[in-house]
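Participant: When you get a sec, could you give me coordinates for this:
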Amino acid sequence: MRNSLRAIAVFATSLTMAGGLSAGPAMASGHHAADARKFVCKASADRPHWSKGAKSVIYKTRVECAGSEPTVTVHCKGQLIYSAGGSPATAASSSETRSVKTDGTKTTFYTPEAGGKKVDWSGKFQGATHCTSPGTSVEIGDATTPVVSVKVP
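Facilitator: Numbers count the residues shown, from 1 in each chain. Below is the predicted model of the structure:
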């Protein structure tokens, strides 16, 4: 399973789908008629893994933007999903808003968030993130990791 792609263009108050779901990173573009500002963002997610520093199973969502504004506000909600053979369950979640530079610098969002719930058991995990740009009606899109086995030391 690879990352999802959802491209969306925003013109004033209308939302136009510029593409459907396919493989690749999540992308969005926004155009504001009043001030002609534009930006494009991509979201991708790293595989879940054991973090020595966090002392938890985590995954990272990376967001990178380009455009005529110096920064874009991005909100990402993440879920670290655990499966032990039964129905999948949310092991940890995150909900963060950050300012992302539009110079191509990647900004990292962590699931679970710093200081959040610790996931300190081994098993099969998958990460799923949904990102938006609040106040712009832009859906940046979804980033999903493959299901991977993580062994806690």
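Participant: Go ahead and list the helix or strand containing the spatially most central residue of the chain.
Facilitator: For the chain, the residue nearest the mean C-alpha position is residue 129 (4.1 Å; C-alpha atoms, centre = their mean). Residue 129 belongs to strand 123-133 when assigned by DSSP states H and E.
Participant: related to what we said a few turns ago, show me what the residue nearest to the centre of the chain bridges to in the sheet.
Facilitator: Beta-bridge pairing for residue 129 (DSSP bridges): residue 78, residue 143.
Participant: That one reaches residue 108, doesn't it?
Facilitator: No: between residue 129 and residue 108 no contact is recorded; they are 11.4 Å apart, counting by C-beta atoms under 8 Å. For glycine as for every other residue, the C-beta is placed from the backbone atoms N, C-alpha and C.
Participant: Find residues that contact each of these two.
Facilitator: Residues touching both residue 129 and residue 108 by C-beta atoms under 8 Å, 6 or more residues apart in numbering: residue 61.
Participant: show me what contacts the residue nearest to the centre of the chain?
Facilitator: Residues in contact with residue 129 (C-beta under 8 Å, 6+ apart) are 43, 45, 61, 76, 77, 78, 79, 109, 111, 142, 143, 144.
Participant: which one of the residues you listed is nearest residue 69?
Facilitator: Nearest to residue 69 among the contacts of residue 129, counting by C-beta to C-beta, is residue 43 at 17.5 Å.
Participant: what is the mean pLDDT for the strand or helix carrying the closest one?
Facilitator: Counting by DSSP H and E, the secondary-structure element that holds residue 43 is strand 37-45. Regarding strand 37-45, the rounded mean pLDDT is 88.
Participant: That strand pairs with which strands, parallel or anti?
Facilitator: According to DSSP bridges, strand 37-45 forms sheet pairs with strand 26-32 (antiparallel), strand 56-83 (antiparallel).
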